[in-house]
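Participant: Sequence plus predicted model, see below.
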Amino acid sequence: MGSQQVRLSGSGGQGLILAARILASALVAEGRNIAQSQSYEPVSRGGLSRSDLIISDGEAAFPLADTLDVLLILHGDASRASTGLLNAKSLVLTDSDLVTDPPKGRFKTVSLPFSETARLLGNKRVANIVALGAIAARSDICGAGALEAAIASNTPPKFARLNVEAFAAGQNLCKAEVPA
Amino acid sequence: MSQRINLQGNHACALGAIRAGCRFFAGYPITPSSEVAESMARELPKVGGTFIQMEDEIASMAAVIGASMGGMKSMTATSGPGFSLKQENLGYACGAEIPCVIVNVMRGGPSTGMPTRPSQGDIMQARWGTHGDHPIIVLAPASAAEAFSETSRAVELSEQLRVPVVVLLDEAIGHLVETVDLDAIPETPEVWRKWAEGPKQDYEPYAVTDDMVPPMSRPGDGYRTHTTGLTHAPNGFPTQNPAIAEAALTRTTTKLDLHRERYESWRVRQCDDADLLIVAIGISARAAQAAVDDLRADGVKAGLFRPVTLWPFPEEALREVVASSGAKTVLVPEMNQGQLVLEVERVLKGSAGTVGLGRIDGEAITPDQIAGKAREILG
Amino acid sequence: MKDVDVLDDFDIEDYIRQDQMPHFLCPGCGHGIALRALMWAIHDLAIPKDKLAVVSGIGCSGRLSGYVDASTFHTTHGRPLAFATGLALARPDLHVIVISGDGDCLAIGGNHMIHSCRRNLNMTCMMLNNEIYGMTGGQVSPTTSSDRFTTTTPAGNTEPVFDACALAAAAGASFVGREVTLQILALRELLRDAIANDGFSFVEVISDCTEIYGRKNDLGASPEMMMSQKSSMRPFAYRNTVDVPFRPTGLKTGVLAKTDRPEYGKAYRAMTEKLRGKKGRG
């Protein structure tokens, strides 16, 4: 399998780095190598936040993102920050409520209600897990089974049920997805 | 069984040091190196070690030297502004030959600069930051796995050679999380500095020995020696006798010349037939790796020479690689306005053309940027 | 002051590196008296020289470590307490003594002094206060008295002075005391109690610099300076209160503060042992 690049972006505090860590540990369980990096502003909360995963077999030559296979945009703050890294093969998943101005180009953009789904589940903070469900269903980045196990081992037990529901809800969103 | 884990470069430094027997860490919070201290605060107590957050960077460097003089393998970590403050006592450790390890995770400078952005602006400071001629070893890891193994090696070298060792990371490597197989990293031998033994009255703490590394006395062992930052005679006491002063200073610098094979380390990628050689460290070297692969895929003969031990610079090795490949040009991409390129120029003395490629906007150099420059050079 | 048997078996030559004599101190300097009192206290406490570590900074006071027959560390300007912190944490079996001066401890090393007091790690800091930077030729220090002439206060000192003991007590040192060199027996006793204290002890010794400071200010030779220092001090019986005026004159001598606080090294080691115990169970 070749190398793939995933970026999870949004606003600080949306759990993007946790989501990237979960995805990274699922990928390692599947036998792949990851390089994870994040950019953050010198503030504790808010502001553009992103976490990147370079997925490869063996150590990646260059561990930072330059061409994204999958881009998640969970917040309008991050709408335009990554457009330069997209190409015709890129898949862009955006939050249908919080991203009103998604990037436009030759790539495929899918707009899904991640934050709304999380809110309906009773906790808007699981939008990151809903998004992981969608990534599992919509791309070939990582298997759902490995992701479910990684979610369980990287999050507190008291949120286990909520996270299982959020992940399943994210997968279900893709069954009825609407092109943006 | 393989122990594949996702490990951050900064955490890897802490774990690598502990595996090499480091049991004392003194530090002060600073972005982007704080994770090294946080890791040490968590891990050291588990192995009976000591972590202390000191009142400032100067004090943390002093405490590290104090603990090492007491006989413990010791380390600190910092970034630019803190590295500047540590230079005072780092010089003491160089002069009094006290083993210690300093991790410097480079961020944008000068001054407070860009705290969360990567840079390679401390390449010269790591070599020449403290005043006066002094010996120092600087290691430059380019991955999380190397952050682990090179920090282990830093502890080992500082003990073997009684010299401070700087582990120079850039923010991109410090904060990079990579899959690391801990079992694939060789166990670090339990290397200690040579301790003084034998008759107390004959012992001289800075005696000239064959290997130029005098055995060190440990408080409590009965030697009752004196340690000073003043230029000292073999007996450890200050001197301004010109002949003795010159001999003492010369020994500490020739000591490193004598032991080059112990600490020199570099990696080559596709250098054999390279028309264009790239010399880079840290994240710039990772970009260069990808650039070399891209260029080769296009039939362009590019190669990478990556110093892992940055200082003393592996000069013979670079000269040999340039000579044997016949490369006409050496490209030096670095995240500053041209520091490493000066050393490459000095080493090559015109035997190949040198071209610098700097980036100072707080972003990492990309493979495209390097490949583009290479194509431009080769026409 | 208790009666002290001056005819005990103390011999300064047992504690001094004879090969480093003659020393470099000026005639009339008070630092030698302080060093003698310190060694006498070490002798009283029967601390073996092999278990003694003396750490000093830079300045006239900094040179004293080199004369002590022990493991000695002449460190950088203002930093001896920070070096000693690492040494004392690494080697709780050692008796760590720091010798510092008014410039070393209160100016360039002021932050380390404050935090050493707060941390309460087991060591004793003997600060020799001679009101001047002697080694560099007589510049004003944080304890130079008002109106005094120094090479950097050619028209007399207009800066206020630091009260080091008040600072140490406020920052939390578990033992704080002050003495003049003329009272060497009282100083010996004060240092003995300071070293015996399990925690950070701070002792200010009012020393005199006749050559660089006294002469320039017409303070007389050493005997006159020492007498005037003694007469300007107020012997103070420890009453569990600290009431030291922020003035250069009328400073109190004796034990000025004593508190029963946890020693930092023990507290840290207790924490690590608890952690390791937990790890063993898990």
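Facilitator: Noted; the coordinates are in hand.

Participant: What ranges does the stretch 1-150 of chain B have for its helices?
Facilitator: Here the stretch 1-150 of chain B has its helices, by DSSP state H, counting those that start in this stretch, at B:9-19, B:34-43, B:57-69, B:80-96, B:123-128, B:144-161.

Participant: Please read the previous query as pertaining to chain A.
Facilitator: Per DSSP state H, chain A carries helices over the ranges A:16-29, A:114-121, A:127-138, A:144-154, A:160-173.

Participant: okay if I get those helices as JSON lines plus mean neighbour count?
Facilitator: All C-beta spots, glycine's among them, are computed from the backbone N, C-alpha and C. As requested, the helices of chain A are exported to JSON lines (neighbours: other CB atoms under 10 Å in any protein chain shown):
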{"stretch": "helix A:16-29", "mean neighbour count": "23"}
{"stretch": "helix A:114-121", "mean neighbour count": "21"}
{"stretch": "helix A:127-138", "mean neighbour count": "26"}
{"stretch": "helix A:144-154", "mean neighbour count": "18"}
{"stretch": "helix A:160-173", "mean neighbour count": "19"}
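
Participant: ranking the helices of the stretch 1-150 of chain B by burial, who's on top?
Facilitator: helix B:57-69 (a mean of 31; mean count of other CB atoms under 10 Å in any protein chain shown).

Participant: Which elements pack onto that helix?
Facilitator: Judged by 3 or more CB pairs under 8 Å, 6 or more residues apart in numbering or on different chains; DSSP states H and E, helix B:57-69 is in contact with strand B:24-27, strand B:50-53, strand B:74-78, helix B:80-96, strand B:100-108, helix C:80-90, helix C:110-119.

Participant: Check the spacing between C:Asp44 and C:Ala37 real quick.
Facilitator: Using CB to CB, to the nearest Å, one gets 10 Å for the distance from C:Asp44 to C:Ala37.

Participant: Now the common contact residues for the two.
Facilitator: C:Arg188 (CB atoms under 8 Å, 6 or more residues apart in numbering or on different chains).

Participant: higher neighbour count, those two?
Facilitator: Higher neighbour count among C:Asp44 and C:Ala37: C:Ala37, with 25 against 17, using other CB atoms under 10 Å in any protein chain shown.

Participant: quick one: what helix or strand has that one in it?
Facilitator: C:Ala37 belongs to helix C:31-44 when assigned by DSSP states H and E.

Participant: Tell me which other helices or strands that helix touches.
Facilitator: Short answer (3+ CB pairs under 8 Å, 6+ apart): helix C:31-44 packs on strand C:95-101, strand C:123-129, helix C:184-196.

Participant: Which residues does the first one contact?
Facilitator: Spelled out, it's strand C:95-101. Strand C:95-101 is contacted by residues C:35, C:38, C:42, C:47, C:51-57, C:59-62, C:64-65, C:80-81, C:84, C:87-88, C:109, C:113, C:122-130, C:195 when judged by CB under 8 Å, 6+ apart.

Participant: show me what contacts B:Ala355?
Facilitator: Quick fix: residue B:355 reads Val, not Ala. Counting by CB under 8 Å, 6+ apart, B:Val355 touches B:329-332, B:341, B:373, B:377.

Participant: could you redo the helices and strands packed on helix B:57-69 as a markdown table and give each row mean pLDDT and distance to chain A?
Facilitator: Output for these, formatted as a markdown table (pLDDT from 0 to 100; distance: least, CB to the nearest CB, whole Å):
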| stretch | mean pLDDT | distance to chain A |
| --- | --- | --- |
| strand B:24-27 | 98 | 19 |
| strand B:50-53 | 98 | 19 |
| strand B:74-78 | 98 | 17 |
| helix B:80-96 | 98 | 14 |
| strand B:100-108 | 98 | 10 |
| helix C:80-90 | 98 | 28 |
| helix C:110-119 | 98 | 25 |
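
Participant: And the residue in chain B that chain C sits nearest to, how far from B:Ile98?
Facilitator: Proximity of chain B to chain C (CB to the nearest CB) peaks at B:Gly66, 2.9 Å away. As judged by CB to CB, B:Gly66 and B:Ile98 stand 9 Å apart.

Participant: Please apply the same query to A:Pro113.
Facilitator: Shown here: A:Pro113 relative to B:Ile98, a distance of 61 Å by CB to CB.

Participant: Of the contacts of strand C:95-101, grab the buried ones for PyMOL.
Facilitator: To isolate the buried ones among these in PyMOL, judged by 16 or more other CB atoms under 10 Å in any protein chain shown, type:
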select buried, chain C and resi 35+38+42+47+52+53+54+55+56+57+59+60+61+62+64+65+80+81+84+87+88+109+113+122+123+124+125+126+127+128+129+130+195
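
Participant: Okay, now the unreliable bits of the stretch 101-250 of chain C?
Facilitator: Confidence mapping of the stretch 101-250 of chain C against pLDDT under 70 gives the ranges C:236-249.

Participant: So which of the contacts of B:Val355 sit within helices?
Facilitator: B:341, B:373, B:377.

Participant: among the residues you listed, who's most crowded?
Facilitator: B:Val341 (22 neighbours).

Participant: circling back: make TSV out of the helices of the stretch 1-150 of chain B and add distance to B:Ser111.
Facilitator: Compiled in TSV, the helices of the stretch 1-150 of chain B are given as follows (distance: least, CB to CB, whole Å):
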stretch	distance to B:Ser111
helix B:9-19	22
helix B:34-43	19
helix B:57-69	14
helix B:80-96	7
helix B:123-128	13
helix B:144-161	26
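
Participant: how near is the residue of chain B closest to chain C to chain A?
Facilitator: Noted for B:Gly66: a distance of 32 Å to chain A, by CB to the nearest CB, to the nearest Å.

Participant: The nearest residue to that residue once chain neighbours are set aside: how many residues sit nearby?
Facilitator: Closest residue to B:Gly66 apart from its sequence neighbours, by CB to CB, 6 or more residues apart in numbering or on different chains: C:Gly86 at 2.9 Å. Using other CB under 10 Å, C:Gly86 has 31 neighbouring residues.

Participant: Hmm, B:Ala63 and C:Gly86 touching each other?
Facilitator: Yes. Between C:Gly86 and B:Ala63 there is a contact under CB atoms under 8 Å: 3.4 Å.

Participant: so what sits against both of these two?
Facilitator: Applying CB under 8 Å, 6+ apart, one finds that C:Gly86 and B:Ala63 are jointly contacted by B:26, B:52.

Participant: how about stretch C:180-190: buried residues?
Facilitator: By neighbour count on 16+ other CB under 10 Å, the buried set for stretch C:180-190 is C:180-190.

Participant: and which of these is nearest B:Gly21?
Facilitator: Nearest to B:Gly21 among these is C:Leu190, at 41.1 Å by CB to CB.

Participant: can you give me the strands in chain C?
Facilitator: Secondary structure of chain C, counting by DSSP state E: strands at C:52-56, C:71-74, C:95-101, C:123-129, C:132-133, C:139-140, C:175-180, C:200-206, C:234-235, C:252-258.

Participant: can the ones you listed go into CSV with extra columns for distance to B:Glu320?
Facilitator: CSV is the format used below for the strands of chain C (distance: least, CB to CB, whole Å):
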stretch, distance to B:Glu320
strand C:52-56, 47
strand C:71-74, 44
strand C:95-101, 51
strand C:123-129, 53
strand C:132-133, 54
strand C:139-140, 55
strand C:175-180, 63
strand C:200-206, 56
strand C:234-235, 76
strand C:252-258, 67
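
Participant: Nearest to A:Ser9, out of the ones you listed?
Facilitator: strand C:200-206 (50.3 Å).
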